[in-house]
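**Q** This is the structure alone, sequence omitted:
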């Protein structure tokens with residue numbers, strides 16, 4: 001299995017507050033499961049109000065059977081729509097992909 005983890009820091013953008021953009025991104029990410037069958041597992045978490053202020057705001061954890069399945073996900077048109085949203089609302093991003 002391949003685990004794909006991405007973390008973002010989000011900003012106020014496109015007439016939405018930072019929290020509205022976090023909520024929108026979470027919804028869009030979770031919705032990808034409906035379009036991309038290669039996703040074996042997906043979860044999205046947002047930073048706790050009790051966490052340190054320099055933590056990332058939102059995290060995606062998703063699993064795929066193989067690296068080629070991850071590649072299909074990354075090139076899928078529905079994923080690319082989410083990528084365009086992220087480009088507008090992110091401040092920073094970190095990602096790791098690993099086999100487990």
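**A** Structure's in. What do you need? Only a predicted model underlies this, so the values are computations on that prediction, with no experimental measurement involved.

**Q** now the residue nearest the centre of the chain: how far from residue 15?
**A** In the chain, the C-alpha nearest the mean C-alpha coordinate belongs to residue 60, at 4.2 Å (Cα atoms, centre = their mean). As judged by Cβ to Cβ, to the nearest Å, residue 60 and residue 15 stand 24 Å apart. To be clear about C-beta, it is placed using only N, CA and C from the backbone, and glycine gets the same treatment.

**Q** Which parts of this protein are strands?
**A** Along the chain, the stretches classed as strands by DSSP state E are 2-10, 41-46, 58-64, 90-99.

**Q** can you give me the end-to-end distance of stretch 6-22?
**A** In stretch 6-22, first residue to last residue: 14 Å (Cα to Cα, to the nearest Å).

**Q** Now tell me what touches that stretch from outside.
**A** If you take Cβ atoms under 8 Å, 6 or more residues apart in numbering as the criterion, stretch 6-22 is touched by 24-25, 46, 56-60, 86, 88-95.

**Q** Of those residues, grab the buried ones for ChimeraX.
**A** Typed into ChimeraX, the line below selects the buried ones among the contacts of stretch 6-22, using 16 or more other Cβ atoms under 10 Å:
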select :24,25,46,56,57,58,59,60,86,89,90
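
**Q** before we move on, back to that, list the beta-bridge partners for the residue nearest to the centre of the chain.
**A** Residue 60 has the following beta-bridge partners by DSSP bridges: residue 6, residue 44.

**Q** swap in the one 4 residues further on?
**A** When bridges are called by DSSP bridges, residue 64 pairs up with residue 2.

**Q** need the contact list for it.
**A** The contact partners of residue 64, by Cβ under 8 Å, 6+ apart, come to 1-2, 4, 38-40, 70, 73.
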